[in-house]
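Visitor: Here is a sequence together with a model predicted from it:
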Amino acid sequence: MTEPAPLSRPQLRRMLRKARRALSPAEQRQAALGLYRQLAQDPVFRRARHLSLYLPTDGEIDPRLLLRAAQRRGKATYLPVLSAWPRTKMVFQRVLPGETLRPNRFRILEPRVNCARQRKVWALDLVLLPLVGFDEEGGRLGMGGGFYDRSLAYLARRQNWRKPKLLGLAHECQKVGKLDQASWDVPLHGTVTDRGWYFAR
């Protein structure tokens, strides 16, 4: 009996997006709480003074409890903001508690562009990234737009970089055996789900 052909990245992406979208609202709320419990008291989160998070879409695990906790603790929090031009660029901009957000072209909420509040990625302590799939070796499968890959591309050319710390956030159902990585892919330090941590080897 022959082994089934491995899924292509687009096929894998469709399968994993379907799996996370199938989670009920109650399961999503429970996952968000579990993620908060995994990270909120961890030294990686507690020591970070400048950290970037994201607002969930398409079934992504929700980090907003962590966002509010960071703001209560006086940390500087940032969200990704898409550039009007070039349309492939993404920056990290500080977001304040209670700030009014607006949907971008993908209908994801983000702050109104303010260059004075933007921070270079290398000046962040911690970046919490969304993802579609992950493995235990730091591999990340994104949505396919390449926004994070381009923002973090400088890290792919550096050896033994320590900052920012890159952690993927995901549901447990998004874990796969092994992801093929391209030369431009920047490996994560690890991935955190509502059930535990997966450190890159």
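Guide: Arrived safely, thanks for sending. Everything quoted here is computed from the prediction, not taken from an experiment. Residues are numbered from 1 along each chain as shown.
Visitor: looking at it, residue 149 is touching residue 181, isn't it?
Guide: No. Using C-beta atoms under 8 Å, residue 149 makes no contact with residue 181, being 10.7 Å away. Bear in mind the C-beta positions are built from the backbone N, C-alpha and C, glycine included.
Visitor: Strands of the protein, residue ranges please.
Guide: Secondary structure of the chain (DSSP state E): strands at 50-52, 76-82, 90-94, 102-103, 109-110, 118-119, 126-129, 133-134, 140-141, 165-169, 190-192, 197-199.
Visitor: for the last one, packing partners?
Guide: If you count contacts as 3 or more C-beta pairs under 8 Å, 6 or more residues apart in numbering; DSSP states H and E, strand 197-199 packs onto strand 190-192.
Visitor: How far off centre is the strand it packs on?
Guide: Remark: strand 190-192 is offset 10 Å from the chain centroid, using C-alpha atoms, centre = their mean, to the nearest Å.
Visitor: List of residues touching it?
Guide: The contact list for strand 190-192, computed with C-beta atoms under 8 Å, 6 or more residues apart in numbering, reads 35, 38-39, 131, 134, 138, 140, 167-170, 175, 197-200.
Visitor: Give me the sheet partners of it and which way each runs.
Guide: Sheet pairing of strand 190-192 (DSSP bridges) gives strand 165-169 (parallel), strand 197-199 (antiparallel).
Visitor: could you list every residue that touches the closest residue to residue 77 other than its chain neighbours?
Guide: With sequence-adjacent residues excluded and distances taken as C-beta to C-beta, 6 or more residues apart in numbering, residue 77 is closest to residue 70, at 5.1 Å. Listed by C-beta under 8 Å, 6+ apart, the contact partners of residue 70 are 45, 48, 51, 53, 77.
Visitor: If you count contacts, what does the longest helix seen in the chain end up packed against?
Guide: Longest helix of the chain, by residue count under DSSP state H: helix 25-39. Applying 3+ C-beta pairs under 8 Å, 6+ apart, one finds that helix 25-39 contacts helix 64-72, strand 190-192.
Visitor: which one of those lies closest to residue 16?
Guide: strand 190-192 (13.0 Å; C-beta to C-beta).
Visitor: Show me which positions of that closest one end up buried.
Guide: 190, 191, 192 (16 or more other C-beta atoms under 10 Å).
Visitor: Would you mind checking the average pLDDT for that strand?
Guide: What strand 190-192 shows for mean pLDDT is 95.
Visitor: Next, work out how far apart the residue nearest in space to the middle of the chain and residue 191 are.
Guide: For the chain, the residue nearest the mean C-alpha position is residue 129 (1.1 Å; C-alpha atoms, centre = their mean). Distance of residue 129 to residue 191, computed by C-beta to C-beta, to the nearest Å: 9 Å.
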